[in-house]
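Participant: Build me a model:
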Amino acid sequence: MEIWPIFPRIIPDPAVTDNVIFYKDYDIAYTNQNTILGTFVNAGPHRPVLIENGTGTVYYSSNGIYNVLGDALSFNWAFEGGTPTGSVSNTPGNVAYTVPGDYVTRIIVTSASGAVDTTYRYVSVKNKIGEGSTTPTIRWEMTNLAGSRGEAGYSAEFTVFDNITIDENAVVMLLADDWYGGTHQSLGGNFPNAEKIFFVGYIDKGSLKYNYRESSYSFTASSITALMKKASGFSVSVETSAAPDTWFKLLNLDCRRAIYHYLRWHSTVLNTTDFEFNGTDYPIQYFDADRTSLFDSIDSFLRGTLVGTMSSDRQGRLYAEVEPMAYSDPTGSFTPVMEITNRDWMGQPEIEEKHGDTVSYVEYGGVAYSGTSGTFLALLADAPGGVPAFRGDVEKNSGLALADQTQLNALTGNIYANKNSRYPSISLDMAIPPRNLDIAPYETVQVIVNSGDTVRGIALNKLYIPDTASWQYDPKNQILLSSITFLNLVNGQPGETITIPDAPPEDGFDQPGIDIPNIPIFTPVPISNSPTYTWVIKMPGVGGIPGPRLPQDHTALRVDAYCVGGTSVTFNIEIFSSAGGGGTDILAADAVATTTAGTAVPAVSAIPLGSWLWLDISSVSGAVSEFVVTLATSG
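Facilitator: Numbering: from 1, shown residues only. Below you'll find the model as predicted:
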């Protein structure tokens, strides 16, 4: 099972003109999938196993599993090559393997609502060296294993001197068999009882090379996020609904449900990988993914909606997370996992110090949306407030999903403070192998630097987040060395509220009692004795658009409309007896124009001589670039 995009299929509806039918994975029709939703199924990383004294064990758990509806779950595990061969527990515990080989573990999770999700993990079982002939690859070297939040994962360059079969996209598992003094014990890793799994990656396509002189293979292995970056997905659009009846509507949409829908129905990622969401989620009305890579679709969505990112840890679990600086109380939300002092590093710390601001002004905005039957509230805030500081860039971000103005003010102030931290980063060559630290999930350490620890005399006692990490093996001293760069995490003063002006009225604008000339956006086209009147509006907004004053009696026959780009425009056409008077809707109820042309039948057909026509737009959904409405009449 590799990481692939899954494409939808859209065909004309043979039963309804101007309608289409959506399928997922070519032939999966919609029934109730976006109502029952489903589960982020976690089964742990791919496992390398050593048989020692006749047995190797793997600890299995669904740690971190999450059903997006909060349903009760049932489990069906199958352990190929293992004892027991299966389980119906959420935490089966230890499974024994006695025969070397490559096996697959499968788990099927069924929710109380009826959603079924499946994921698979590879298990490579080998004899411990000296206890059998089927051993792991032992004649190899690793140039460097490094990862960062900016790269969203890890990569390493390997050279293998054993004569084995190696394929592109194959899973690479790096097993650590550690001794600390006289103690045989491994440390680290995010998954329970998987401390020996140091790294899980995939061989990059195009990196595999064979050296005929040395009979060796060299290749680069990277985290799952690297494969996702190379897999180009199809554009996807989903909107929230209280009662979904098609593939592009989803029950009570929020960010986590949008990500589940994309990864579940448009990729194989969840079939091979654990996934975890960390941070506060909010309701949203729409989810739109461009035609880009599987990784960028989710990462860009997180950045633009929650100020978040997606990354992989060393063991291969995906984390979608709100950035710590976007929390209302960053330093109070993350408890330090360890304290780092001068006993833990070698040489001198490399401390970055800023004497001026990086960012002079931060402006963030978005919408607080309470759900399908609720309300919208547009919000805007800035920091440091009112006017920019003297130096630095201006940073703006809009379209966020928000809770309220207080949350936005705190977010804006904390982002401004973290961008302008006096000591934004510190890099350390570690004297210990801190395998408990990783670039994901977000976690903090307390870094203590005494004034005598550096030639500059800088003293620090601050909260920092691991951001980049590199690992190298020192064969002379038989120790794993690491270098880690940490980013400072601070709290800021709340930003200030920016008052958004009231929206213009939706029932048109009062005009002076004079004839209004035709304007360029409106084009009357007389055809014989059946004139039509057409509005062509670029980048439409809510409000009234004037039309002509009719020179004769007309009978309204039909209204045709469509939009280009975006999702829809809600509108009506009104008849005014005078420029400043009240209007009468032609349609019985507001019509909704989509990207597919549609026709509405007028409820009011008689338009007397001297009447004014107005197009009234009550709402615009999505980034509509052009809106076209035509009123067909007879006269």
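
Participant: tell me the domain ranges of this protein?
Facilitator: Here the domain assignment for the chain is 325-497, 522-634, based on automatic domain parsing.

Participant: Ranking helices and strands of the chain by mean pLDDT, which lands last?
Facilitator: Among the helices and strands of the chain, strand 522-525 carries the lowest confidence by mean pLDDT, DSSP states H and E, at a mean of 50.

Participant: Please pull up the helix or strand immediately following that strand.
Facilitator: As assigned by DSSP states H and E, the chain's next helix or strand after strand 522-525 is strand 532-538.

Participant: so where do the helices sit in the protein?
Facilitator: Under the criterion DSSP state H, helices of the chain are mapped to 33-36, 224-230, 255-266, 294-305, 330-333, 405-419.

Participant: List the contacts of stretch 595-606.
Facilitator: 18-20, 553-567, 575, 584-588, 591 (Cβ atoms under 8 Å, 6 or more residues apart in numbering). In this view, the C-beta of every residue, glycine as well, is placed from N, C-alpha and C.

Participant: which of those count as buried?
Facilitator: By neighbour count, with 16 or more other Cβ atoms under 10 Å, the contacts of stretch 595-606 hold 554, 556, 559-563, 566-567, 575, 586-587, 591 as buried.

Participant: want to throw those into TSV with distance to residue 95 and pLDDT?
Facilitator: Output for these, formatted as TSV (distance: Cβ to Cβ, whole Å; pLDDT from 0 to 100):
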residue	distance to residue 95	pLDDT
554	79	88
556	73	89
559	66	92
560	64	92
561	61	92
562	58	91
563	56	90
566	52	88
567	49	90
575	75	89
586	70	92
587	65	92
591	60	93
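
Participant: Residue 45: which of those residues is nearest?
Facilitator: residue 567 (39.7 Å; Cβ to Cβ).

Participant: got the contact list for the nearest residue to residue 538 once chain neighbours are set aside?
Facilitator: Leaving aside its chain neighbours, residue 538 sits nearest to residue 626 (5.7 Å; criterion: Cβ to Cβ, 6 or more residues apart in numbering). The contact partners of residue 626, by Cβ under 8 Å, 6+ apart, come to 536-540, 563-565.

Participant: got it, and residue 611?
Facilitator: Applying Cβ under 8 Å, 6+ apart, the residues near residue 611 are 549-550, 575-577.

Participant: Looking at the contacts of stretch 595-606, which are in strands?
Facilitator: Secondary structure from DSSP state E places 20, 554-564, 575, 584-585, 591 of these in strands.

Participant: Out of those, which is nearest to residue 392?
Facilitator: Of those, the one sitting nearest to residue 392 (Cβ to Cβ) turns out to be residue 564, at 39.2 Å.

Participant: Can I get the domains of the chain in a markdown table including distance to residue 207?
Facilitator: Formatted as a markdown table, these follow (distance: least, Cβ to Cβ, whole Å):
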| stretch | distance to residue 207 |
| --- | --- |
| domain 325-497 | 18 |
| domain 522-634 | 39 |
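
Participant: where among the ones you listed is the average confidence lowest?
Facilitator: Looking over the domains of the chain, mean pLDDT reaches its minimum on domain 522-634, with a mean of 85.

Participant: coming back round to it: what separation do you get for the residue nearest to residue 538 and residue 395?
Facilitator: Distance from residue 626 to residue 395, counting by Cβ to Cβ, to the nearest Å: 31 Å.

Participant: likewise residue 458?
Facilitator: Counting by Cβ to Cβ - residue 458 and residue 395 are separated by 27 Å.

Participant: ok, how many other residues are close to residue 417?
Facilitator: Here the count is done by other Cβ atoms under 10 Å, and residue 417 has 22 residues near it.

Participant: hmm, I was thinking of residue 155
Facilitator: 19.

Participant: so what's the closest residue to it other than its chain neighbours up against?
Facilitator: Nearest residue to residue 155, sequence neighbours excluded (Cβ to Cβ, 6+ apart): residue 222, at 4.0 Å. By Cβ under 8 Å, 6+ apart, the contact list for residue 222 reads 153-156, 201-202, 204.
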